[in-house]
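# Return a 3D structure for these sequence lines:
(4 chains)
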There are 2 protein chains.
Amino acid sequence: MTSPEPAPEFNLEDFLPYRLSVVTNRVSRAFASRYEAAWGLAIPEWRVLAVVGSFAPLSAAEVCDRTAMDKVKVSRAVARLVRRGLLERRRDGSDQRVQLLSLGPKGREVYEGVVPMARAIEGALTAALSPGERKNLLRALDKLDSCVAELEDRATSPWD
Amino acid sequence: MTSPEPAPEFNLEDFLPYRLSVVTNRVSRAFASRYEAAWGLAIPEWRVLAVVGSFAPLSAAEVCDRTAMDKVKVSRAVARLVRRGLLERRRDGSDQRVQLLSLGPKGREVYEGVVPMARAIEGALTAALSPGERKNLLRALDKLDSCVAELEDRATSPWD
DNA sequence: CCGCTATAGTTACAATTGAAACTAAATCGC
DNA sequence: GCGATTTAGTTTCAATTGTAACTATAGCGG
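Presented below is the predicted three-dimensional model:
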């Protein structure tokens, strides 16, 4: 009797969330070590620096939105960057709760170095992909993203 | 004088490693909460259970290979699963260092529930994607993966 | 056989993380 | 105006994680 088992042979390699996770972690880890080596920046710090450099002045909450990191992580990253003199923080005139963030001179200097490196990374990474493939990849990610967001909303989901 | 700045306008949203990371984390988080709610399994445990269920008997090292998790994580996940009575662990005859893992009756039961759920998740997720898109996505991930692996190898990289 | 190196897996410790509690300022309802 | 609720941001605490050290067994060279 070899048939009572449905013998599903579930293969993790073909499971999309798993595949995503493995590749993403490899990519992140690989590049985190570069930021770290070059400027002593951890990923959350790197991200904060990048968005503040591009969109300053900016509140912590706006940084949360733009980086998709929660406020605790942002708060800690900002604190470290301020302590290191890369970021400046001043209270907003109209609302004394928010603190507007901007790059200090030192922070701008680092930012000017960080952006080209990011572009180089992007280039090296997508060297493996044609422009069309890259675009499709990003589109697919967007679709997954909104799909997940939708599922999150509905408390009751197909696999509950 | 508005021109001394190269005004790079670096946009994080278009930065592939970032995009990957955000989407992947959302997906992982969303599904982790389902495993957790349904069986009290954390992601590492879920993964170990999945590969042991499909490929038992298996050593911890083989689980590492198949799940891309490091041996500490695997060791801890296995320990928890054994403690909960889902996994069985016995010494290999020929090599007293390795422990072969397999599902206990209770583990098999959970496994039989877990696999359909995984398929449902996969289905819900790729509902947003056509079969072609899904395939292209996986192919693109593979390409990125080997690209990163290659860059890792060469100690000296384009952006050092 | 015996020391040496390598491998399987675990343990210890420090750093990172997230959930929840917290502080302070703003806004809403009345 | 003023108590109740909301929002910005920080802090605390417990859990998860990774690095490195460790234990135990295997295999290799002589």
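# So which bits of the worst-scoring helix or strand of chain A on mean pLDDT are buried?
Each helix and strand of chain A was given a mean pLDDT (mean pLDDT, DSSP states H and E); the minimum falls on helix A:131-153 at a mean of 85. Along helix A:131-153, the positions that meet the burial threshold by neighbour count (16 or more other CB atoms under 10 Å in any protein chain shown) are A:133-134, A:136-138, A:140-141, A:143-145, A:147-148, A:151. To be clear about C-beta, it is placed using only N, CA and C from the backbone, and glycine gets the same treatment.
# Name the nearest of those relative to DNA strand C.
Relative to DNA strand C, the closest of the buried residues of helix A:131-153 is residue A:148; by CB to the nearest atom of the strand it sits at 15.4 Å.
# Spit out the contact partners of the most centrally placed residue in chain A.
The C-alpha lying nearest the average C-alpha coordinate of chain A belongs to residue A:67 (CA atoms, centre = their mean; 5.8 Å). With contacts defined as CB atoms under 8 Å, 6 or more residues apart in numbering or on different chains, the neighbours of residue A:67 are A:44, A:47, A:48, A:51, A:74, B:12.
# what do you get if the cut-off is 7 Å, keeping everything else the same?
Residues touching residue A:67, when contacts are defined by CB atoms under 7 Å, 6 or more residues apart in numbering or on different chains, comprise A:47, A:48, A:51, A:74, B:12.
# Over to residue A:71?
Contact partners of residue A:71, counting by CB under 7 Å, 6+ apart, are A:60, A:64.
# per-residue pLDDT, it?
At residue A:71, the predicted lDDT confidence score is 94.
# And it, how far from DNA strand C?
Using CB to the nearest atom of the strand, to the nearest Å, residue A:71 is found at 8 Å from DNA strand C.
# which residues of chain A fall in strands?
With DSSP state E as the definition, chain A shows strands at residue ranges A:58-59, A:87-91, A:99-103.
# Sketch out the low-pLDDT regions of chain A for me.
Along chain A, the model assigns pLDDT under 70 to residues A:1-9, A:152-160.
# Who wins on neighbours among the contacts of residue A:67?
With neighbours taken as other CB atoms under 10 Å in any protein chain shown, the top of those is residue A:48, carrying 28 neighbours.
# what sits against that residue?
Shown in contact with residue A:48 (CB under 7 Å, 6+ apart): A:63, A:67, A:74, A:77, A:78, A:81.
# Which of those residues sits closest to residue B:114?
residue A:67 (33.0 Å; CB to CB).
# ok, so what distance separates that closest one from residue A:88?
With the distance defined as CB to CB, to the nearest Å, residue A:67 ends up 18 Å from residue A:88.
# DNA strand C contacts on chain A?
If contact is defined as CB under 7 Å from any atom of the strand, the residues of chain A in contact with DNA strand C are A:42, A:43, A:44, A:69, A:70, A:72, A:73, A:76, A:94, A:95, A:96, A:97.
# Filter the residues you listed down to the ones in helices?
Among the residues of chain A next to DNA strand C, the subset assigned to helices under DSSP state H consists of A:43, A:44, A:72, A:73, A:76.
# quick revisit: of the contacts of residue A:67, which ones also sit close to DNA strand D?
Cross-checking the contacts of residue A:67 against DNA strand D (CB under 7 Å from any atom of the strand) gives residue A:74 as the overlapping residues.
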